[in-house]
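Enquirer: Kindly return the folded structure for what I paste below:
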Amino acid sequence: RTGARLRVLPLTSNGDWVNEYQKYFTDRTRIFAATQVSNAIGVCTPLKTMIAEAQKYHAFTLVDGAQAVAHYPV
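Expert: Numbering: from 1, shown residues only. Below you'll find the model as predicted:
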C-alpha cells in the first residue's frame, strides 16, 4: 500500500555477510532491521558497522537480540 520495498542483504556461501552491504543503504532507506545472531546458522551480524551505515541515512534501526541474549551482551 505504501510502496515500501523490502531489500534482503545476502550472505556468501560460507554464511558471511557480503562486504558490499553499504550499497543497500540509500537516501530512501527508512528502516534497518537485523538479527544479532542467526538461530538457523549461527552467523553474527556486524551490527556496529551496519548500524553506523544506517545512521548516515537517519534510518530507524531494529535489532532482534533474542537468540543472542544467552551468549552476548545485547
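
Enquirer: element containing V63?
Expert: Per DSSP states H and E, V63 falls inside strand 60-64.

Enquirer: What pairs with that strand, parallel or antiparallel?
Expert: When pairing is defined by DSSP bridges, strand 60-64 lines up against strand 31-35 (parallel).

Enquirer: Could you tell me how far the partner strand lies from the centre of the chain?
Expert: Relative to its chain's centre, strand 31-35 lies at 5 Å (C-alpha atoms, centre = their mean, to the nearest Å).

Enquirer: neighbouring contacts of that strand?
Expert: 25, 45, 47, 50-51, 54, 59-68 (C-beta atoms under 8 Å, 6 or more residues apart in numbering). Yep, even glycine has a C-beta here, placed from its N, CA and C like the rest.

Enquirer: average pLDDT across it?
Expert: For strand 31-35, the mean per-residue pLDDT is 92.

Enquirer: Output the contacting helices and strands for the helix or strand that comes right after it.
Expert: As assigned by DSSP H and E, the chain's next helix or strand after strand 31-35 is helix 47-56. For helix 47-56, the packing partners by 3 or more C-beta pairs under 8 Å, 6 or more residues apart in numbering; DSSP states H and E come out as strand 31-35, strand 60-64.

Enquirer: what is the orientation angle of the last one with helix 47-56?
Expert: Interaxial angle of strand 60-64 relative to helix 47-56 (axes from the mean of the first three to the mean of the last three C-alpha atoms, to 10 degrees): 160 degrees.

Enquirer: Quick check: mean pLDDT of strand 60-64?
Expert: For strand 60-64, the mean pLDDT works out to 94.

Enquirer: Please identify the most buried of the helices and strands packed on helix 47-56.
Expert: Each of the helices and strands packed on helix 47-56 was scored by mean neighbour count; the highest is strand 31-35, a mean of 16, by mean count of other C-beta atoms under 10 Å.

Enquirer: Show residues contacting the strand holding V63.
Expert: Under the contact criterion C-beta under 8 Å, 6+ apart, strand 60-64 has outside partners 30-36, 47, 51, 54-55, 74.

Enquirer: Relative to the whole chain's centre, how far out is that strand?
Expert: Using C-alpha atoms, centre = their mean, the offset of strand 60-64 from its chain centre is 8 Å.

Enquirer: Thanks again, I'm all set now.
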